[in-house]
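**Q** With the sequence up front, the predicted model follows.
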Amino acid sequence: MVTYRCARRIDGIAESGIRKLFDAGGPDAVNLGIGQPDFDTPDHIKEAAIRAIREGKTGYTPNAGIPELRTAIADKLKRENGLSYGPDRILVSAGGSEALHLAMMALVNEGDRVLVPDPGFVSYAPLASIAGGRPIGLPFDDTLHLDVEAAKERMDGARILVLNSPSNPTGMVEPESTIRALVEYAQDRHVTVISDEVYEHFIYESRHVSAARFGEDVITINATSKTYAMTGWRIGYLAAPKEYIDACIKVHQYCQACATSIAQYAAVAAYTGDQSPVAAMREEYRARRDLFYDGLSALGYSFPRPEGAFYVFLPIERDRIQEAVAKGLLIVPGSAFGNNAPDYARLSYATSRENLRRALDRFGTL
Ligand SMILES: Cc1ncc(COP(=O)(O)O)c(C=O)c1O
C-alpha cells in the first residue's frame, strides 16, 4: 500500500473559509462572500493585452517584470503615494498574493514572530506559517480599527508587522497618525513592516497614506487586482529596499519565473492609461456602501460605517450566521479571518445594488 506523505508545514494549514463558500448555495443564493470586484476590466487594458498577444509578446519576461511595467509602477508610486522607488526596487509578481508569499519566504526565519491583523486577510497567517514563522494576532478596538497599544505591546522581538489599510475584512481605514506611529515604533525595534495596500483606491472619506512614507524598512505590496478589476490577470508587485528585492527574486525566479507576459503589458496600460474607470468604481462602491449600511442600520444592526475597501464587517452571532447561510445569504463568518471576531461576518458589497436590496430583504427575515 502506498502512503502519501505531505510535509509537516502543511499540516496546520486550514482550507480557506472563503473558498468553501464558492461552492455553497443554490441558484437563488445572494452571494456576499466573494472579495472581488463585480466590474469588468476596462477596455483599454484588455486592448493592450490583445495587442501584446498579436505582437507575439508571449514568452518569458525578465524575472522581475518587464522594464516598462517596473517604470510605470515606480511612476505610480511617486505620483499617487509620494514614494521614491527606482524601477530596480520593484518586483512584479503573480498578484498581491505572490508578493506576500515572497516577502514572507525571503524575510522570515524559523520561529520568527509575524504580527498580523486579527481579524485579517485570510492569507497572512498561513503564509507566515508556511515560511516557518509564528503568526501573532493584532486585535482591533470597538471601532474596528487596530488597537495601537496592543500592537506596540507585541512588537518587541517580532520580525514582521503586517499592516493592511483599508482593511479586509473590516472595511476600515487607519488614520495617518496610526500608520505613522506603528511604522516608527516598528522601525525603532528593527521590525520590518509589510504594508498591503491593495484597496488604496477604495476609500470614501479620507485619503490613503502609504506606510513607506514613515520608514525605510518597509515593503509595500499592491496589485492591479482590485484597483482595475483585474483579479484573474494575476499582477501584483512589491516595492522594497534593494536587499529585499534581491532576496525575493531568488524565490520568485525558481517558483514562478515571471508573472504572465500578456498581463504585464495590460498592467502597463492600467497604470499609465485613463484612471477615470477607477474613480467610477469608487463612486459606485461608495453608493453601495451607503445603501447597504443604511439598510442594515434600519434593521437594527449597530456598527461603525465602513470607510474603505468593499466590505461590511457586521456584528452578528454565530448561530444567526448559520441561519443566514442556510437561507441562501452567503456571508463569511468572522472565524475565517482569525480568532478575534467569531461573532462577526464579512459581507462584500462588490455586487449589484439589486443584490444588496435582496440581501437586505433576507436579513429582515432572520
Ligand atoms: C488585503 C488583501 N491583500 C491581498 C490580496 C490578494 O490580491 P491578489 O488577487 O492580487 O493576489 C487580497 C485579495 O483578496 C486582499 O484582500
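**A** Sure thing, it's come through. Numbers count the residues shown, from 1 in each chain.
**Q** Confirm that Y60 sits in a helix.
**A** No. Note on Y60: no helix contains this position according to DSSP: H, G, I helix; E, B strand; the rest coil, which reports coil.
**Q** and it, what is it in contact with?
**A** If a contact means Cβ atoms under 8 Å, 6 or more residues apart in numbering, then Y60 has A257, C258, S261 as its contacts. All C-beta atoms are positioned from the backbone trio N, CA, C, and that covers glycine.
**Q** can you rerun that using 7 Å?
**A** The neighbourhood of Y60, defined by Cβ atoms under 7 Å, 6 or more residues apart in numbering, consists of A257, C258.
**Q** Look up how far the ligand lies from it.
**A** Plainly put, Y60 is 21 Å away from the ligand if you go by Cβ to the nearest ligand atom, to the nearest Å.
**Q** repeat for G132
**A** Computed as Cβ to the nearest ligand atom, the G132 to the ligand distance reads 21 Å.
**Q** Nearest residue to that residue in space, please, no chain neighbours.
**A** Counting by Cβ to Cβ, 6 or more residues apart in numbering, G132 lies nearest to E110, which is 4.2 Å off, once chain neighbours are set aside.
**Q** Please, which helix or strand holds the one you found?
**A** Element membership for E110 (DSSP states H and E) is empty, with no helix or strand holding it.
**Q** what about it, distance to the ligand?
**A** If you measure E110 against the ligand using Cβ to the nearest ligand atom, the figure is 25 Å.
**Q** And the strands in the stretch 251-366 of the chain?
**A** 311-315, 329-330, 332-333, 344-348 (DSSP state E, counting those that start in this stretch).
**Q** Against which helices or strands is the first one packed?
**A** Secondary structure elements in contact with strand 311-315, counted by 3 or more Cβ pairs under 7 Å, 6 or more residues apart in numbering; DSSP states H and E, are helix 276-298, strand 344-348.
**Q** picking that back up, in TSV: the strands of the stretch 251-366 of the chain, plus distance to the ligand and mean neighbour count.
**A** Below are these laid out as TSV (distance: least, Cβ to the nearest ligand atom, whole Å; neighbours: other Cβ atoms under 10 Å):
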stretch	distance to the ligand	mean neighbour count
strand 311-315	9	23
strand 329-330	16	22
strand 332-333	11	24
strand 344-348	10	27
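**Q** who touches L238 in this structure?
**A** So L238 contacts L91, S93, A99, L102, A103, I219, T220, I221, C248 (Cβ under 7 Å, 6+ apart).
**Q** Number of residues surrounding the nearest residue to M104 once chain neighbours are set aside?
**A** Once its chain neighbours are removed from consideration, M104 has its nearest residue in A131; the separation is 3.9 Å (Cβ to Cβ, 6+ apart). By the criterion of other Cβ atoms under 10 Å, A131 has 24 neighbours.
**Q** Which pLDDT does the model give whatever residue of the stretch 1-150 of the chain ends up closest to the ligand?
**A** Per Cβ to the nearest ligand atom, the residue of the stretch 1-150 of the chain with the smallest distance to the ligand is G95, at 2.9 Å. We have a pLDDT of 98 for G95.
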